[in-house]
Structure formats: structure tokens, C-alpha cells
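Undergrad: Just to be clear, the model below is a prediction. Sequence and coordinates:
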Amino acid sequence: MECKSLKRKIIGVTGGASGIGLAIVRKLLAVEAKVAVADLSPQPEELANNPNVIYTKVNVTSREEVHSWVEEIVEKFGRLDGMCANAGICPVENGVASDDVYRRIIEVCVTGVWNTGTEAYRQFQRQKGGGVLVNTASAAGLKGYRNMAVYSTAKHAVVGFTRCWSLDWAPEGIRVNAIAPGFTESPMTDAVIKDFPQVAERMIAAIPLGRMGKAEELADSVLFLLGDTASNITGSILVCDGGMLNS
């Protein structure tokens, strides 16, 4: 994949401490981009003391914290070229989710993307246009799944943000796309496999390719959407689910 256009670009990644987010960070660093990582978890050791990385503790549900983080990016790296609104959670809902689980999912997966996307947009505006936003949606944002009513609803909202922002911001040269992962290897899905092995087995059996996706594969899709090879793509949802939506 051609990623030369990302060299020296400044890219923000929320939820970059593990899973798909960390895979995105690794891939960006490999193509010599500069990366600003936002997460509530401690900084992974592999990212420490890297001059091309800013690591900031950020709660994406807080507009003020996201705003301050974007200001920090610009202060340290000079500008913002792209943003990956990737932070998310997926607690098991067990049929009817509790009100607490509902609030947590909506706050992180919907409000978090709203805060991240709109703060990135305002910075792109200050830079007189241009910029790329890639949201992490889900196959569950395109289809309903049992025991995932709140998560699926939240990811449908991410798809809605992506499609509408792509229309609203196109006149300013800003592209907005999303990836829609299926069942992907990550710490988040490790918990499902451990606590609900039979559910995990059924989900994997429903994947035509016969295996879970890998975080590195999702990261490659994100880099494609960030880079110039996708310069004519906006408003698209790139499904990376091993064929689950077709099964």
C-alpha cells in the first residue's frame, strides 16, 4: 500500500493504547507520520521516549479535554492533518442493557466521536481547510445483532456522523470516512471470548473467511483512508468484517 503521502503528517488517534488504535499508531509511525495518542490507559512502553509521539490522558466524553488535547497537538507539532476517532467500548449487554451500560456506551461511542470529530473539524477550519477524519464504526453499525442493541445503535450513529459530515465539510476540502470492523482480535474481544466462549464460537462460525480479523488489517484500511490514495473517497464506510454482513 502506498503511504508516502502520510510521511511527516500529524495524525491524532483516540483509543490508541491498545487494539485497533495501537495498531493504527504503529502503522503510522512505520510510515514516518507524527502521532498524537489520546487514551485513559497508561502509555504503552513501546511508545515511550519517541519524539514522533505525543501521549495524552484524555477522556473523549469531555469536550474540554478533547479541545485541550487538540490544542496540545498544534502547540507541539504545529498543525493537525488527520484524526482517527477510534475510542470505543463494548460491554456485554445481556439482552436488555442496564441504564449504566447504556450511558457508558453512548457517552464513549457517540459523544466521544462527536467531540473528537467536531474539534478536529474546527482545527481544520483554522488551517483554512483540508484534513481527513476516519471514524471507527462497526459491522454492528450497519446491521442489528442480538444482545448488542445499545452498541449497535451507537455505531449506527457513527455511520450517520460519517455520512453527514462528509457532505457538510466537503466544500472545505475535508474528507470523512469510517471503517466497519467485524469480530476483531483485541483486548475488548478477549473479554467476550473469556466470559462467553460459546457466543464467540458462534460469531466466528458466522464469518465466511472463518477467522477473526486482525487489528493490523484494520489499521491498513485506516491508513488507506487517511492517505492520498483515497483522495476521491469521502462519506464511505469501508467494511472490514471477513464477510459477516453477507452471511
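TA: Thanks, I have the structure now.
Undergrad: Could you give the number of residues near Gly243?
TA: 14 (other CB atoms under 10 Å). To be clear about C-beta, it is placed using only N, CA and C from the backbone, and glycine gets the same treatment.
Undergrad: so what's the residue lying closest to it once chain neighbours are set aside up against?
TA: Once flanking residues are discounted, Gly243 sits nearest to Pro208: 3.4 Å by CB to CB, 6 or more residues apart in numbering. Listed by CB atoms under 8 Å, 6 or more residues apart in numbering, the contact set of Pro208 reads Gly242, Gly243, Met244, Asn246, Ser247.
Undergrad: and those residues, which are buried?
TA: Gly242, Met244 (16 or more other CB atoms under 10 Å).
Undergrad: coming back round to it: give me the three-state assignment for the residue nearest to Gly243.
TA: coil (DSSP: H, G, I helix; E, B strand; the rest coil).
Undergrad: I'd say Val92 and Asn147 touch.
TA: Yes - shown here, Val92 and Asn147 form a contact pair, counting by CB atoms under 8 Å, at 7.0 Å.
Undergrad: In this structure, mark out all the helices, start to finish.
TA: Listed in chain order, the helices of the chain (DSSP state H) span 19-30, 63-77, 99-106, 112-126, 149-169, 187-195, 197-205, 215-226.
Undergrad: Tell me the buried residues in the fifth one?
TA: Judged by neighbour count using 16+ other CB under 10 Å, the buried positions of helix 149-169 are 149-159, 161-163, 165-166, 169.
Undergrad: before we move on, what about the first one?
TA: Taking 16+ other CB under 10 Å as the basis for neighbour counts, the residues of helix 19-30 that come out buried are Gly19, Ile20, Gly21, Leu22, Ala23, Ile24, Val25, Arg26, Lys27, Leu28, Leu29.
Undergrad: The residue sitting furthest away from the middle of the chain and Met188, how far apart?
TA: No residue in the chain has its C-alpha farther from the mean C-alpha position than Gln198, which lies at 27.3 Å (CA atoms, centre = their mean). Noted for Gln198: a distance of 18 Å to Met188, by CB to CB, to the nearest Å.
Undergrad: and what of Glu65?
TA: Relative to Met188, and taking CB to CB, Glu65 is found at 22 Å.
Undergrad: Over to Ala17?
TA: From Ala17 to Met188 the distance is 12 Å (CB to CB).
Undergrad: if you count what's nearby, which of the two comes out ahead?
TA: Ala17 (22 against 16).
Undergrad: I'd assumed Pro44 was in contact with the more buried one.
TA: Yes - if you go by CB under 8 Å, Ala17 and Pro44 touch, sitting 5.8 Å apart.
Undergrad: what sits against the closest residue to Glu217 other than its chain neighbours?
TA: The shortest distance from Glu217 to any non-neighbouring residue, by CB to CB, 6+ apart, is to Cys240 (6.6 Å). Contacts for Cys240 were tallied using CB under 8 Å, 6+ apart; they are Ile179, Ala180, Pro181, Gly182, Gly213, Glu217, Leu218, Ser221.
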